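A.B. asks: Build me a model:
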Amino acid sequence: MEDKTAPLSWLSGEAREIFNSCFDWEEETLPAGERRETAGRIGWLLSGTARFCSPVGERRVPEDGIFGVRRNAAGDREAESGTVTAETECTVAWFRYELTRYVCYRACWFHARMLREIESRLAIRRRDPVKDRTN
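C.D. replies: Next up, the predicted model:
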């Protein structure tokens, strides 16, 4: 069963501020039809629906889905450049891909937890390939 816990509900107050700094986290609301390039960032769709188009293909991004990162043939995570288009008004959280590659110099809890969240969403996407098909 898919975990429907609100994104980042495990963070609050001061912890959220530290987390935002660790990942250079920014949130923006996109009106329906608006487009954005990933530009080396991972997007996390906090609300609404969108489509993500990359050189690998196009797919629908459901609420709580991530884009701008994928598994390569060796099974490793890598950045996936492309364009996201809001299907409905949506809120996207952006963070820099390279900051997810390694745990920070303090080996902070936030990095370890964020890496688990990314892995979890990539696993959901693998288990439910219908979400990855062009509709």
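A.B. asks: for the top helix by length along the chain, packing partners?
C.D. replies: When the chain is parsed with DSSP state H, its longest helix is helix 109-127. Using 3 or more Cβ pairs under 8 Å, 6 or more residues apart in numbering; DSSP states H and E as the contact definition, the elements that helix 109-127 packs against are helix 13-23, strand 66-67, strand 69-71. Yep, even glycine has a C-beta here, placed from its N, CA and C like the rest.
A.B. asks: Now do the contacts for the residue nearest to residue 79 when sequence neighbours are not counted.
C.D. replies: Of all residues not flanking residue 79 in the chain, residue 97 sits nearest, at 4.3 Å (Cβ to Cβ, 6 or more residues apart in numbering). With contact set as Cβ atoms under 8 Å, 6 or more residues apart in numbering, residue 97 has these partners: 40-42, 68-69, 79.
A.B. asks: Which of those are buried, as a ChimeraX select command?
C.D. replies: Written as a ChimeraX command, the selection of buried residues from those, which uses 16 or more other Cβ atoms under 10 Å, is:
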select :41,42,68,69,79
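A.B. asks: Between all of the contacts of residue 97, which two are at the greatest distance?
C.D. replies: 40 and 69 (10.7 Å; Cβ to Cβ).
A.B. asks: Return every residue with contacts to both of these two.
C.D. replies: Residues within reach of residue 40 and of residue 69 at once, by Cβ under 8 Å, 6+ apart, are 79, 97.
A.B. asks: circling back: roughly how far out does the longest helix of the chain sit from the chain middle?
C.D. replies: 9 Å (Cα atoms, centre = their mean, to the nearest Å).
A.B. asks: how near is residue 95 to residue 26?
C.D. replies: Counting by Cβ to Cβ, to the nearest Å, the gap from residue 95 to residue 26 is 8 Å.
A.B. asks: let me fix that: residue 76
C.D. replies: 26 Å.
A.B. asks: where does residue 93 fall, phi/psi-wise?
C.D. replies: Residue 93 adopts backbone torsions of phi -100, psi 130, taken as degrees, to the nearest 10.
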